[in-house]
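> Got a sequence here, can you build the structure:
(one chain, ligands or ions: 1)
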Amino acid sequence: MSTQSSHQTWGGRFAEGPDARVAAFTESISFEARLAPYDIQGSIAHARMLSHVGVLQSDEFETIRGGLEAIGERIAVGDFTWDPALEDVHMNIEARLTEDIGALGKKLHTARSRNDQVATDVRLWLRATIDSLIGEVNRLRRGLIGLADHHAETVMPGFTHLQVAQPVTFGHHMLAWQAMLARDAERLGQIRARANKLPLGAAALAGTTFAIDREMVAQELGFDDVIDNSLDAVSDRDFAIDFVSAATTIMMHLSRFSEELILWMSPAFGFVELPDRYCTGSSIMPQKKNPDVAELTRGKTARVQGHLTALVTLMKGQPLAYNRDNQEDKVPMFDTADTVGACVALFADMMPHVAVDAAACRNAARRGFATATDLADYLVRAGVAFRDAHEIVGNCVSRAIHEDCDLAELTLATLQEYSTAIGADVYEILTLDGSVAARDHLGGTAPSQVRAAAARARATLGD
Ligand code: ARG
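You can find the predicted model right below:
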């Protein structure tokens, strides 16, 4: 970029072009070329509307449209050179249009500004991004529901405080993850609906003196509505914050799954195994098989969380209306979309291939007196007050620890030392399978309930 000649976009008022360092500092094309298809789509809709309201002749519109479509095709196949001297995606495309179709290209920017143009491009991009992310979240949900069905009867320890609490089924656990993702998909849909409104027509900030038809543009671009206030239209980035916030929640969920997968894959737990292709090895310890996808997902959660902080901080000091600060929304938004997209896609690929070691899960449940609550409930049904039952069972657990055995391995005579309310039928409820089967209500861990919950989850996916 030379400092001799004026800038071709705003040269009229300037005696010299920008300093080379200023040009490099202010350009955005190096990180926003992905907006090109949306920029072209928006420009075609804008030009069509201009011809509809008589600002352009219809043959002028056709020439502009042909030129823009040709540029779009060249960009799609990588046959387009982006020039940082032209600053951004909008000016690169407009300059190329004028080069290709002549002076008519200079009419395209009538009744608009890059301020409403970029806001439109980003909303179109975000809408497509959300649609594909919802698709991937749902693919992951399907994988988890499949695992839940397959492991509706596989008993594992349920934890509180990471201490063995009560037995649950592996399927029940998978459906808890699925429920988080169902909320994530729903949240993304709500954000899409709120963002799907047209900024174009706001021009720089105050609207335009031309008799534009914003509804027509909104309809052509598939927006549900136009943004009512022109100042708000060019300056609002709530939709970006909404998206990155929802993405942060998705990452937080995946990070929690990751934490569990990492624990479960540790030989100390040994609950699950992942195929080698989803793991990596150690350069020094030959025996290692590391869950790096899960660890990196947990790590990348920090990055996305950082982007959320960046966007909220970006907006907090801005007076109305558009400020150049807004250009800084792109990198956090794009990196968020790429990061969450990659993590969700990998989890969706990986989860259906998780191999569950049912025996290891069952053994772990056996080790922690997971049926102690069942014994207390049994005593309550026999007429003992719950607090007393709690104490009696505590004594039984203490005895089992002392004898180094499970509750179900204590003899009836031993159990009766602590309560005469205990009968021979106690052993039915002290087993792991009896314990999970007994939690047979909506939302409970009984295998029949897990199967019904899996069917309900599948129905919400329209399967
Ligand atoms: N690259 C700018 C952005 O991302 C486009 C809008 C530029 N507008 C302006 N008045 N300089 O926000």
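
> The residue of the stretch 251-400 of the chain found nearest the ligand: how many residues sit nearby?
Nearest to the ligand in the stretch 251-400 of the chain, going by C-beta to the nearest ligand atom, is residue 327, at a distance of 3.5 Å. C-beta here means a position set from N, CA and C on the backbone, and glycine is covered the same way. Other residues lying near residue 327 total 17 when counted by other C-beta atoms under 10 Å.

> so what's it up against?
Applying C-beta atoms under 8 Å, 6 or more residues apart in numbering, one finds that residue 327 lies in contact with residue 28.

> Surely residue 416 touches residue 410?
No - if you go by C-beta atoms under 8 Å, residue 416 and residue 410 don't touch, sitting 9.9 Å apart.

> of the two, who's got more company?
Higher neighbour count among residue 416 and residue 410: residue 410, with 22 against 14, using other C-beta under 10 Å.

> for the longest helix along the chain, which positions count as buried?
Longest helix in the chain, counting residues (DSSP state H): helix 114-150. Residues of helix 114-150 classed as buried: 114-127, 129-130, 133-134, 136-149 (neighbour count, 16 or more other C-beta atoms under 10 Å).

> Same question for stretch 428-444.
Neighbour-count burial for stretch 428-444 [16+ other C-beta under 10 Å]: 429-432, 435-439, 444.

> Could you do stretch 390-397 as well?
For stretch 390-397, a neighbour-count test (16+ other C-beta under 10 Å) marks 390-393, 396-397 as buried.

> thinking again about what came up before, how close does the residue of the stretch 251-400 of the chain closest to the ligand sit to residue 229?
According to C-beta to C-beta, to the nearest Å, residue 327 and residue 229 sit 22 Å apart.

> do the same with residue 332
The spacing between residue 332 and residue 229, counted by C-beta to C-beta, is 25 Å.

> who has more neighbours, these two?
The neighbour count for residue 332 versus residue 229, taken as other C-beta under 10 Å, is higher for residue 332 (21 against 13).

> Chain neighbours aside, what residue packs nearest to that one?
Closest residue to residue 332 apart from its sequence neighbours, by C-beta to C-beta, 6 or more residues apart in numbering: residue 307 at 3.7 Å.

> picking up where we left off before, I'd like to know which of the buried residues of stretch 428-444 is nearest to the ligand.
Distances from the ligand to the buried residues of stretch 428-444, taken as C-beta to the nearest ligand atom, are shortest for residue 444 (51.4 Å).

> Tell me the residues of the stretch 1-150 of the chain that contact the ligand?
The stretch 1-150 of the chain comes close to the ligand at residues 28, 88, 114-115, 118, as judged by C-beta under 6 Å from any ligand atom.

> can you rerun that using 8 Å?
The stretch 1-150 of the chain comes close to the ligand at residues 28, 32, 87-90, 113-115, 117-118, 122, as judged by C-beta under 8 Å from any ligand atom.

> which one of the residues you listed sits closest to residue 244?
residue 122 (12.4 Å; C-beta to C-beta).

> Which parts of the chain are strands?
Using DSSP state E, the strands found in the chain span residues 155-160, 163-169, 197-198, 225-226, 272-273, 355-356.

> which one of these has the most crowded surroundings?
Highest mean neighbour count among the strands of the chain (mean count of other C-beta atoms under 10 Å): strand 197-198, with a mean of 22.

> and that strand, what does it pack onto?
Judged by 3 or more C-beta pairs under 8 Å, 6 or more residues apart in numbering; DSSP states H and E, the packing partners of strand 197-198 are helix 114-150, helix 214-220, strand 225-226.

> Partner strands of it and their direction?
strand 225-226 (parallel) (DSSP bridges).

> By proximity to the ligand, which residue of the stretch 351-463 of the chain wins?
Of all residues in the stretch 351-463 of the chain, residue 461 sits closest to the ligand, at 36.4 Å by C-beta to the nearest ligand atom.

> I'd like to check what contacts stretch 452-463. Which residues are they?
Stretch 452-463 is touched from outside by 138, 141-142, 145, 148-149, 152, 171-172, 175, 178-179, 182, 443, with contacts defined as C-beta under 8 Å, 6+ apart.

> one more time with 10 Å, if that's ok
Here stretch 452-463 makes contact (C-beta atoms under 10 Å, 6 or more residues apart in numbering) with 138-139, 141-142, 144-150, 152, 171-172, 174-176, 178-179, 181-182, 185-186, 442-446.

> Which residues in it does the neighbour count mark as buried?
Residues of stretch 452-463 classed as buried: 453-454, 457-458 (neighbour count, 16+ other C-beta under 10 Å).

> What about these, which are in helices?
When DSSP H is applied, the buried residues of stretch 452-463 are split such that 453-454, 457-458 fall in helices.

> can you pull out the helices in the stretch 251-400 of the chain?
With DSSP state H, counting those that start in this stretch, the ranges of helices along the stretch 251-400 of the chain come out as 292-316, 330-350, 358-367, 372-381, 386-403.
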